[in-house]
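Colleague: Starting from these lines, generate the structure:
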Amino acid sequence: MDIEFVRSRFAKHFNGSKGFVYASPGRINLIGEHTDYNGGFVFPGAVQQGMMAEIKPNNTRTIRAYSIDLKDYDEFSLDDEKGPHASHFRYLFGVAKEMEKLGVPVQGFDTAFAGDVPLGAGMSSSAALESCFAFAINDLFGGNKISKWDLAKVGQATEHNYIGVNCGIMDQFASVFGKAGNLMRLDCQSGEFEYFPWNPKGYRLVLVNSCVKHELVGSPYNDRRKSCENVVAAINKKFGVKAETLRDCTWEQIESVKGDVDPVDIKRATFVMGEKDRVLAVSEALQKGDYETVGQKMYETHQGLSKDYEVSCEELDFLNDVAFDCGVTGSRIMGGGFGGCTINLVKKDLYDLFVNTVVEKFQAKYGKKPVIIPVVIGDGSRRLV
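Modeller: A predicted model of the protein is given here:
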């Protein structure tokens, strides 16, 4: 993202004035899918792509905002209960209102914002936007008294209360807490987290975006969540315990209730339990610099997501197969599934061969090129100028 470009757009739309510039990143998740609502672990990292905004208080109760990417302008009052209609402005309004709930004396401001997070890649551009404005409002109006955790929760609450998306905390957490050269293991049950150095000498991370998104009848995500809850309920009934999620259950308990619940529910629970173990194995491998084990666990996750959790699709399985055939160290679906990206851990001497091969083979089979997105782990929310 070009800071001078953002500043030029701000100056153009706000009479040549200057404000302060803030940035927040998108994110990747190395491993740990569909574990957040099961009380498990995730392993995200912030990326260099993100959202950037120039902001200047205007001594009113009105936010005047220009979306550089969409070439769209709007004004809306902080005292308006409904707020703006367009979602890209509702994020700003929601963050401001949630910060007010924390006691921050938010006032009106002028802003121009833009992003370079690839859309549809599952890299959480919305969380980057929320985190950027939460951090900025905390800096400009709150005396930086609001904790990073609360800033992440402001973004989550904005999704829940103003956008209508009942998301977890991982995306906003990664955007706020990101640290260059480090991934983070977040315990979704306790909120505890730990930085893990990411310095894979001889390897590169790259996303391959299939650019497909399959629309499915019903709510497949809710169905899978319900499957996990069904297994937990059966375990609680059989053992007289009060497990809240699969995080509180054991392999032995799942084995014991196989005859009490739908076999499909057991398949879902089996994936989640295995994914919990894989995240912990990756943690140990990273501490040893053992990237071959990291890659092996990524392939195992893909197979589990494809066969047991059944959230893959033909295109994603094809990308995974091409990666394996090229000798890529690790590859898997990244995100909720049914389309989007694979994340790939590739030896540097194989990188060009893999990229050229996957583009050629995908285009030959599906008639369009996938988008290649190199990944560099970057810093979290921050003030630039």
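
Colleague: And the average pLDDT for stretch 322-333 is what?
Modeller: If you average the pLDDT over stretch 322-333, you get 98.

Colleague: what does it contact?
Modeller: Contacts with stretch 322-333, where a contact means C-beta atoms under 8 Å, 6 or more residues apart in numbering, come from 31, 33, 203, 208, 291-292, 294-299, 301-302, 305-306, 311-312, 316, 319-320, 340-347, 350, 353-354, 357-358, 361-362. Backbone N, C-alpha and C define where each C-beta goes, glycine included.

Colleague: Endpoint to endpoint, that stretch covers what distance?
Modeller: One end of stretch 322-333 to the other measures 13 Å (C-alpha to C-alpha, to the nearest Å).

Colleague: now it: how far from the chain's centre is it?
Modeller: Centroid separation between stretch 322-333 and its chain, computed with C-alpha atoms, centre = their mean, to the nearest Å, is 22 Å.

Colleague: buried ones in it?
Modeller: 322, 323, 326, 328, 329, 330, 331, 332, 333 (16 or more other C-beta atoms under 10 Å).

Colleague: can you give me the helices in the protein?
Modeller: Using DSSP state H, the helices assigned to the chain run over residues 3-13, 87-101, 125-140, 148-158, 170-177, 220-239, 251-256, 263-288, 291-303, 314-325, 348-366.

Colleague: And the last one, what's buried?
Modeller: Judged by neighbour count using 16+ other C-beta under 10 Å, the buried positions of helix 348-366 are 350, 351, 354, 355, 357, 358, 359, 361, 362.

Colleague: ChimeraX command for the buried members of the contacts of stretch 322-333?
Modeller: Here is the ChimeraX selection string for the buried members of the contacts of stretch 322-333, based on 16+ other C-beta under 10 Å:
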select :31,33,203,208,291,294,295,296,297,298,299,301,302,305,306,311,312,316,319,320,340,341,342,343,344,345,346,347,350,354,357,358,361,362
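
Colleague: what separates residue 5 from residue 333, distance-wise?
Modeller: Going from residue 5 to residue 333 by C-beta to C-beta, to the nearest Å gives 34 Å.

Colleague: er, residue 147 I mean
Modeller: From residue 147 over to residue 333 (counting by C-beta to C-beta), the distance is 33 Å.

Colleague: With residue 7 instead?
Modeller: 38 Å.

Colleague: ok, now residue 44?
Modeller: Taking C-beta to C-beta, one finds residue 44 at 15 Å from residue 333.

Colleague: coming back round to it: could you identify the most distant pair in the buried residues of stretch 322-333?
Modeller: Farthest pair in the buried residues of stretch 322-333 (C-beta to C-beta) is 326 and 333. Separation: 17.3 Å.

Colleague: ok, back up a step: tell me which of the helices of the chain sits nearest to residue 73.
Modeller: helix 3-13 (6.9 Å).

Colleague: residues making contact with the closest one?
Modeller: By C-beta under 8 Å, 6+ apart, the residues outside helix 3-13 that reach it are 17-19, 21, 52-54, 56, 66, 68, 73, 110-114, 384-385.

Colleague: Narrow those to just the buried residues.
Modeller: Listed as buried from the contacts of helix 3-13 are 19, 21, 52-54, 56, 66, 68, 110-114; burial here means 16+ other C-beta under 10 Å.

Colleague: For burial, what's the neighbour tally of residue 252?
Modeller: The tally of other residues near residue 252 (other C-beta atoms under 10 Å) stands at 8.

Colleague: Show the pLDDT at residue 215.
Modeller: For residue 215, the predicted pLDDT is 65.

Colleague: Chain neighbours aside, what residue packs nearest to residue 48?
Modeller: Once flanking residues are discounted, residue 48 sits nearest to residue 378: 4.1 Å by C-beta to C-beta, 6 or more residues apart in numbering.

Colleague: For the one you found, which residues are in contact?
Modeller: 25, 46, 47, 48, 50, 178, 180.

Colleague: In the protein, which strand is the longest?
Modeller: Criterion DSSP state E: the longest strand present in the chain is strand 44-57.

Colleague: buried ones in that one?
Modeller: Buried, per 16+ other C-beta under 10 Å, within strand 44-57: 44-56.

Colleague: Is it possible to get a markdown table of these that adds pLDDT and distance to residue 97?
Modeller: Listed next are the buried residues of strand 44-57 as a markdown table, based on pLDDT from 0 to 100; distance: C-beta to C-beta, whole Å:
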| residue | pLDDT | distance to residue 97 |
| --- | --- | --- |
| 44 | 97 | 26 |
| 45 | 97 | 30 |
| 46 | 98 | 25 |
| 47 | 96 | 28 |
| 48 | 94 | 30 |
| 49 | 95 | 27 |
| 50 | 97 | 23 |
| 51 | 98 | 19 |
| 52 | 98 | 22 |
| 53 | 98 | 17 |
| 54 | 98 | 21 |
| 55 | 98 | 16 |
| 56 | 98 | 20 |
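
Colleague: Kindly indicate which of those lies nearest residue 241.
Modeller: The closest of those, once distances to residue 241 are taken by C-beta to C-beta, is residue 44, at 30.6 Å.

Colleague: The closest one pairs with what?
Modeller: Note on residue 44: beta-bridge partners residue 29, judged by DSSP bridges.

Colleague: my guess is it contacts residue 168, does it?
Modeller: No. Using C-beta atoms under 8 Å, residue 44 is not in contact with residue 168, being 11.0 Å away.

Colleague: Give me the contacts around stretch 190-201.
Modeller: Outside of stretch 190-201, the residues within contact range by C-beta under 8 Å, 6+ apart are 43, 45, 149, 173, 177, 179, 181-187, 283, 286-287, 291, 345, 377.
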